[in-house]
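**Q** Show me how the following folds:
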Amino acid sequence: EMKLRLVLQCALISIASSNVGRFWQITDLHLDFHYDRLETDTKKVCPSTYGFEALEPGVWGDYKCDSTWKLINSSIHAMRDIEANPDFILWTGDDTLHTTDEDRFLGEAKVVETIKNITDLIQQVFPQTKVFSALGNHDYQPKNNMPPGPSEILTEIAQIWRPWMTEDAFQLFNITGYYADDTTGNSLLKVIVLNTNLWDNYNDHISGEGDPSGQFSWLRSQLEGARRSGKKVYIIGHISPGFFELYENEFYLHENYISNYIAIVQEYYDVISGQFFAHNHMDSYRMFYNKDKQPISVLFLAPGVTPRVGTREGSVNPGIRLFQYNRTNMQIKNYDQYYFNLAAANKHPIEAEWTLEYSSSTGFEISDLSPTSMHLLLERMKKADLGCDPTTHGCENNRLFQRYVRFHSVSYDYSSCNDTCHRNHICAIQDVDVALHGRCI
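**A** Presented below is the predicted three-dimensional model:
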């Protein structure tokens, strides 16, 4: 009887283990191939400083510069060292450097070459792994200005990514930059890859009206089809709807398109098991609610590999993220956030390594990443008493919130968050809608 019980326990453990899937998200690599740590003029170490001085340029890079190839190469190999057999990889865009002089430092050929080099690296390190890749606003020349419909760069990128796509996905991506693919290794899961350049506030080809390249109509049809066939969907894209918490009133998609996207999530939340975006280079998330203010969906914002933030002052440590999910119902259970301490790595280059920054379950004291759990996390952070010393008893909510703020910069910024900072974080997480966000602020 004892042996039988042990066999049954082992069998149950095995089943539970096989039911847990894992996938990587990597994003915002922003390769600066002009980086030169030996340059004596600290404003010319890399064109991605935007005129700021490089702080402490080292062999791995600098906090004011975009990624070196050495850093990007390290990030992909670290993924393999940590989890060599993920179910798939989400690659959510932005591969070229930030620069005020694109004509000098970029050009169409360089954009395509950069994407090709990173693609080759991922294929070499993960030759058997399915990759779902989305276009960022820096994956075009000039940046932000990808037109609806076919383009030369889009066709070249489509050919580069073709080995990862089904034929139908390739044909659609080749003319629109978006696609869907249900060859995930799980018959219950479909991945929808959006082209958020078609909704970008900074895209001169887009007015904010209509439905560029029919992406909204197509998205609805994909979700409707998934509902009829009993599938769950992960939506991935680069630019997220909603606001960037570091700056006042900063949002990157047209207001009408944000409203359209929210309406679609509200209609198909039962089909959407996860949303995975990037662009801000910071670690955060966004909540979606129904008309009755009940939490229905979560959008996860992963930090990037590049250590720089935006076009203004700001820095982060590089990050990569490993999600765990239930292979039966596609619910996201947890993620492990890994990071690269750039300052420490430059001081001790030989010992440099990617390490676990935190797991969402322990870091945020939640049982899973469901809409309900993430809403409860938000409610706790809303109640943070910023005047309460986080190290003392009774200040648990402030301790949790200040921990979230540190994770937000991938453990680069350890300063406390004041009232304005707290308000901007809470409103960005809570209200994706432009009007609601304004009222929250």
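**Q** Pull the number of nearby residues for F288.
**A** 22 (other Cβ atoms under 10 Å). C-betas here are computed from N, CA, C, even on glycine.
**Q** Could you name the specific helix or strand carrying it?
**A** Element membership for F288 (DSSP states H and E) is strand 284-289.
**Q** Let me know the angle separating the next helix or strand after that strand from strand 284-289.
**A** The element immediately downstream of strand 284-289 (helix or strand, assigned by DSSP H and E) is strand 295-301. Interaxial angle, strand 295-301 versus strand 284-289 (axes from the mean of the first three to the mean of the last three Cα atoms, to 10 degrees): 160 degrees.
**Q** for strand 295-301, the distance to its chain's centre please.
**A** With Cα atoms, centre = their mean, to the nearest Å as the basis, strand 295-301 stands 13 Å off its chain's centre.
**Q** Kindly state the beta-bridge partners for the residue nearest to T68 when sequence neighbours are not counted.
**A** Setting aside the residues directly before and after it, T68 is nearest to G61 in space (Cβ to Cβ, 6 or more residues apart in numbering), at 4.5 Å. Legend: beta-bridge partners of G61 under DSSP bridges are G58.
**Q** quick one: G61 and N73 touch, right?
**A** No: judged on Cβ atoms under 8 Å, G61 makes no contact with N73 at a distance of 11.8 Å.
**Q** Have a look at the two and say which one is more surrounded.
**A** Shown here are G61 and N73; by other Cβ under 10 Å, G61 has more neighbours (31 against 15).
**Q** distance of the more buried one from G177?
**A** Distance, G61 to G177, by Cβ to Cβ, to the nearest Å: 29 Å.
**Q** related to what we said a few turns ago, how about the contacts made by the residue nearest to T68?
**A** 35, 67-68, 70-71, 307, 342, 346 (Cβ atoms under 8 Å, 6 or more residues apart in numbering).
**Q** mind checking pLDDT for it?
**A** Per-residue pLDDT puts G61 at 97.
**Q** now swap in the one 5 residues further on and tell me
**A** Here the pLDDT value assigned to D66 is 97.
**Q** Could you do E156 as well?
**A** 98.
**Q** Can you tell me the SS state at it?
**A** helix (DSSP: H, G, I helix; E, B strand; the rest coil).
**Q** nearest residue to it other than its sequence neighbours?
**A** V112 (4.8 Å).
**Q** Does F288 touch I262 like I think?
**A** Yes: between F288 and I262 there is a contact under Cβ under 8 Å: 6.7 Å.
**Q** Common neighbours of those two, please.
**A** Common contact partners of F288 and I262 (Cβ under 8 Å, 6+ apart): V432.
**Q** pretty sure W60 contacts A344?
**A** No: look at W60 against A344 with Cβ under 8 Å: they stay out of range, at 9.7 Å.
**Q** Who has more neighbours out of these two?
**A** W60 (22 against 15).
**Q** residues contacting that one?
**A** Residues counted as contacts of W60 (Cβ under 8 Å, 6+ apart) are 68, 70-71, 74, 340, 342, 345-346, 349, 352.
**Q** quick one: which of the residues you listed is nearest to H422?
**A** For those, the residue nearest H422 by Cβ to Cβ is L342; the value is 26.9 Å.
**Q** what number of residues lie near N85?
**A** 9.
**Q** same deal with L29?
**A** The number of residues near L29, taken as other Cβ under 10 Å, comes to 28.
**Q** What score does it have for pLDDT?
**A** At L29, pLDDT is 98.
**Q** what about A302, distance to G149?
**A** Distance from A302 to G149, counting by Cβ to Cβ: 29 Å.
**Q** Which one's more surrounded, those two?
**A** A302 (27 against 13).
**Q** Contacts only, for the more buried one.
**A** 25-27, 92, 276-278, 283, 319, 321.
**Q** Out of those, which comes closest to M79?
**A** I26 (6.9 Å).
**Q** Poorly predicted segments of the stretch 301-441 of the chain, please.
**A** For the stretch 301-441 of the chain, applying pLDDT under 70 flags the ranges 310-313.
**Q** And the strands in it?
**A** According to DSSP state E, counting those that start in this stretch, the stretch 301-441 of the chain carries its strands in the segments 319-326, 332-339, 355-359.
**Q** Same check on the stretch 1-150 of the chain?
**A** 20-26, 88-91, 131-133.
**Q** would you list the ones you listed in JSON lines and tack on mean neighbour count, mean pLDDT and distance to F251?
**A** Listed next are these as JSON lines, based on neighbours: other Cβ atoms under 10 Å; pLDDT from 0 to 100; distance: least, Cβ to Cβ, whole Å:
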{"stretch": "strand 20-26", "mean neighbour count": "22", "mean pLDDT": "98", "distance to F251": "22"}
{"stretch": "strand 88-91", "mean neighbour count": "22", "mean pLDDT": "98", "distance to F251": "23"}
{"stretch": "strand 131-133", "mean neighbour count": "23", "mean pLDDT": "98", "distance to F251": "24"}
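**Q** will you turn those strands into a markdown table that also has distance to V271?
**A** Shown next, in a markdown table, are these (distance: least, Cβ to Cβ, whole Å):
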| stretch | distance to V271 |
| --- | --- |
| strand 20-26 | 18 |
| strand 88-91 | 18 |
| strand 131-133 | 17 |
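**Q** Of all those, which one is nearest D419?
**A** The nearest among the strands of the stretch 1-150 of the chain, by Cβ to Cβ, is strand 20-26 at 32.0 Å.
**Q** starting at the chain centroid, how far to that closest one?
**A** Distance, centroid of strand 20-26 to centroid of chain: 13 Å (Cα atoms, centre = their mean).
**Q** before we move on, what about stretch 340-351?
**A** Distance, stretch centre to chain centre, for stretch 340-351: 24 Å (Cα atoms, centre = their mean).
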